[in-house]
Structures are given as structure tokens and as C-alpha cells.
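A.B. asks: Sequence first, then the predicted structure, then my questions.
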Amino acid sequence: TKNTDPDAPTRATDNDAAIARLSAVRKGYLADPYIAALIPRAHLQQPRPPLINIGTYLRTRAIDLLLDDWFRLAGPRKVQIVSLGAGSDTRFWRLANGPHAAKLQRYIEIDFAENTSRKVMSIRKNRVLSAALGAEGDISVGGGGTTLRTPVYNLLPMDLRTPPAASLAPLMRAGQGDEPMLSPTLPTLLLFECVLAYMDPAASNALIQWFVDYFAAVPGGLLGGVVYEMFKLNDPFGRVMLNNLKSRSLSLPGAEPYPDLASLSRRFLDLGFTTAQAVTLREIRLRYIDSRELQRLSQLEMLDEVEELELVLDHYAISWGVRFPEGWAREGGAG
Ligand code: SAM
């Protein structure tokens, strides 16, 4: 029953993320023709405040840019992407209809079964979403409607906190015929967009470590990870944000594990990644979005509280790491 399920508020955060995306699309920040089909009664949803729209735009843009880098880093090789806590994210459809489509070998999304089954239904009901999955004969729905498998796109149910050996490993090793779902020899990027804050660091570290070991076990294994999340929840403004979350009965880790940017990069390095970096959304807005684009954004809607915007953006960060295989020729590839 829903009311006593302690994970219900966590699953429901997907609805907020999806509605924020829809709002940013309708206001002209982002182009995403797929999100409306994943939201029930999308036409009745109200727009979100400018601050939310800008934040949604910035994190989406930043992750898009990191994905471009990942395809570049992979060179001629095909890539795999695994989105953990994917919710109603539409990135697969944007990629499948974009310039990188031919290089996408596998796109795997994982979320709680309740969320994957809703997504499976939305996909099956919508012709545009289904069409991107390939031929009808290649699409199989299973697990009581919680799983959808196709040669490229795969939507799988799992509680990410369960020990990886018991849950993740069999999912990733199982595939069609001899080929595993997740090839350890293809450059693979993990996406954690607004997910890890809801998990205990011990559980999320075990999850990431499983992937690191999987790719470290083969010669040439290349793994990247991108994390978007709140941080610095110890400072006065961070505490306001944290209390806000707690008031929604979200189960959050007791102590703030990432008090600064350095701790966000260190997580990757401690887990065996070769390089890592972290930037706030505030910095992304100031340094990575070109002035013409900023100009365009500023004309979309009125924003009078620039100071508040900067304060909020300063508490969200994107961090990323790459685990290069031994002997990786740095001069040629890594940018
Ligand atoms: N990544 C999507 C995005 O950025 O639009 C969705 C973000 S939403 C805020 C967080 C998602 O993570 C929800 O769909 C939630 O169900 C999922 N999630 C959180 N904890 C999880 C867990 N332990 N196992 C599986 N999914 C989880």
C-alpha cells in the first residue's frame, strides 16, 4: 500500500523532474518533443518558476555536452550508456534521433519497478516513442510489464540499493544469446542524474564499484560516470534546501557526504577512476554557456532574483570521472 511505502516519495521525485522538464520545454529553454508523452495529463501541468526552468536547462545542457565528449572520446567505437534512476528521462529518444544515433550500441535505463512499468506503458501507447525502438518484432515486454527490451534500448526494474552481486550483475550479464546486456569491451558511460542524493553513500559506492570492476576486468575497458546532484547541504542555504526535502518525507542519508566540489571528484578517484572533475551549475552558467545563448535565455521570462538564482545554482553540481584502461594513449584520445 502506497502510504506506508517509504520509497514512494523517492519514486515520486521523478514526477517533479519530468514536470520541470516539460515546463522548460514549453517556455522555450529546451527542445524535447518526447517529454509530454511521458507525463499523464501533460496539458494540465502548470509552468514551474524561472529558477527551476533555468536549473533544468543548465543540467540538461551540461550533460548533453559531456555526452558529446564521451562519443568523441570513444572515437570510432560504439558506446553504451546506462542511466541509473532514469525515471521519465527522454535522453535516449533525443540521442536516437540525433547525430550520435549510429554510434549508440546500447542504452540501459534502471529505476524502481513501479516507475519502469509506467514508462513501459507510456512508450507502448505513443507511436513516436515506440518508433525509436526499432521494428515491432524486436521489442519485448516482460516481467509483468516492468521490463522492456530491444536491441538498443532496455528498460529494467531494480532497487539500486540492493547489493550489486544479487541484482545488477545478473541483469547486466544476461542478454540475448551469448552477448551480455552490458558489453565490458565497449566504452560505457554511467548517468546518475538527480538520483544519488536519495541513496546511502555506501550503497551508491557499491553500485559504482561494481561497474568499475566489470570494466577493469577486461583489457581496454573504458568507463565514464556523470553525476548531477545537490551538495553543500551543511551551509545555511543548503540546510534550507535539505529541510525542504525532509518535509516531503524523502529518506535521505543522515550526514552530508559531499560538503564541497573536491569531495565530489574524490568519490570518483576513490572508486578507481583515473580522472575526475566537478563544477557547480552556477559555474556552468557563467563559463560554459555562450553569451548568445545566455542572451536568448534571458529573453524567455523575467528573472528578478539573480542573487537567489546564483545561490541555488551554487548548491548543485555536475561531477564526472573517467577510468582509462592501462596503457591508454592519452595524447591521441582524452580531451
Ligand atoms: N534521472 C531522471 C531525471 O533526471 O529526469 C529522474 C530523476 S528523479 C529526481 C530520481 C529517480 O531516481 C526516480 O525516478 C527514482 O525512482 C529513482 N531512484 C531513486 N532511488 C532509487 C533506487 N534505490 N532504485 C531505483 N531507482 C531509484
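C.D. replies: Thanks, I have the structure now.
A.B. asks: Quick check: residues of the stretch 151-300 of the chain near the ligand?
C.D. replies: Within the stretch 151-300 of the chain, the positions near the ligand by Cβ under 6 Å from any ligand atom are 159, 160, 161, 193, 194, 195, 198, 199. The C-beta positions use only the backbone N, C-alpha and C, and glycine is treated the same way.
A.B. asks: Tell me how many other residues crowd the third one.
C.D. replies: Spelled out, that is residue 161. For residue 161, the count of nearby residues is 15 (other Cβ atoms under 10 Å).
A.B. asks: do the same with the fifth one
C.D. replies: For residue 194, the tally of surrounding residues (other Cβ under 10 Å) stands at 20.
A.B. asks: correct me, but it touches residue 228?
C.D. replies: Yes: Residue 194 lies in contact with residue 228 (Cβ atoms under 8 Å); the separation is 5.7 Å.
A.B. asks: Can you classify residue 154 by secondary structure?
C.D. replies: At residue 154, secondary structure determined by DSSP: H, G, I helix; E, B strand; the rest coil is strand.
A.B. asks: one step back: just name the closest of the residues of the stretch 151-300 of the chain next to the ligand to residue 328, please.
C.D. replies: Residue 328 lies nearest to residue 193 out of these, by Cβ to Cβ, at 26.4 Å.
A.B. asks: wait, doesn't residue 95 sit right on residue 103?
C.D. replies: No: with contacts defined as Cβ under 8 Å, residue 95 does not count as touching residue 103, sitting 9.3 Å away.
A.B. asks: Stretch 63-81 near the ligand anywhere?
C.D. replies: No: Stretch 63-81 lies out of reach of the ligand by Cβ under 6 Å from any ligand atom, never closer than 8.7 Å.
A.B. asks: just the strands in the protein please.
C.D. replies: For the chain, the strands defined by DSSP state E occupy 79-84, 104-111, 140-142, 147-149, 153-157, 175-176, 179-180, 188-193, 223-230, 275-280, 316-323.
A.B. asks: Including mean neighbour count and mean pLDDT, could the ones you listed go into TSV?
C.D. replies: Formatted as TSV, these follow (neighbours: other Cβ atoms under 10 Å; pLDDT from 0 to 100):
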stretch	mean neighbour count	mean pLDDT
strand 79-84	24	98
strand 104-111	22	98
strand 140-142	12	95
strand 147-149	21	96
strand 153-157	23	97
strand 175-176	13	70
strand 179-180	12	88
strand 188-193	23	98
strand 223-230	23	97
strand 275-280	18	98
strand 316-323	24	98
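A.B. asks: Please identify which of the ones you listed is closest to residue 217.
C.D. replies: Among the strands of the chain, strand 223-230 comes nearest to residue 217, with 11.1 Å by Cβ to Cβ.
A.B. asks: pull the CA atoms of the closest one into CSV?
C.D. replies: Extracted as CSV, the C-alpha positions of strand 223-230 are listed here (Å, rounded to 0.1, in the frame of the first residue of the first chain):
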residue,chain,number,x,y,z
LEU,A,223,34.2,3.6,-18.2
GLY,A,224,32.9,7.1,-17.5
GLY,A,225,30.5,8.4,-14.9
VAL,A,226,28.4,11.6,-14.7
VAL,A,227,26.7,12.6,-11.5
TYR,A,228,24.3,15.5,-11.1
GLU,A,229,23.2,16.3,-7.5
MET,A,230,22.7,18.7,-4.7
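A.B. asks: Paired strands for that strand, with orientation please.
C.D. replies: Counting by DSSP bridges, the strands paired with strand 223-230 are strand 188-193 (parallel), strand 316-323 (antiparallel).
A.B. asks: Regarding this structure, what is its longest helix?
C.D. replies: Scanning the chain for the helix with the most residues, using DSSP state H, yields helix 50-74.
A.B. asks: Contact residues of the stretch 1-150 of the chain facing the ligand?
C.D. replies: Neighbours of the ligand within the stretch 1-150 of the chain, by Cβ under 6 Å from any ligand atom: 10, 11, 13, 14, 17, 85, 86, 87, 89, 111, 112, 115.
A.B. asks: ok, 8 Å please
C.D. replies: Applying Cβ under 8 Å from any ligand atom, one finds that the stretch 1-150 of the chain approaches the ligand through 7, 10-14, 16-18, 21, 59, 83-89, 110-112, 114-115.
A.B. asks: Of the residues you listed, keep whichever come out buried.
C.D. replies: Buried subset of those (neighbour count, 16 or more other Cβ atoms under 10 Å): 10-11, 13-14, 17-18, 21, 59, 83-89, 110-112, 114-115.
A.B. asks: if we can go back for a sec, any chance of the strands of the chain in CSV, with distance to residue 208 too?
C.D. replies: Below are the strands of the chain laid out as CSV (distance: least, Cβ to Cβ, whole Å):
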stretch, distance to residue 208
strand 79-84, 9
strand 104-111, 13
strand 140-142, 27
strand 147-149, 23
strand 153-157, 17
strand 175-176, 22
strand 179-180, 19
strand 188-193, 7
strand 223-230, 6
strand 275-280, 12
strand 316-323, 9
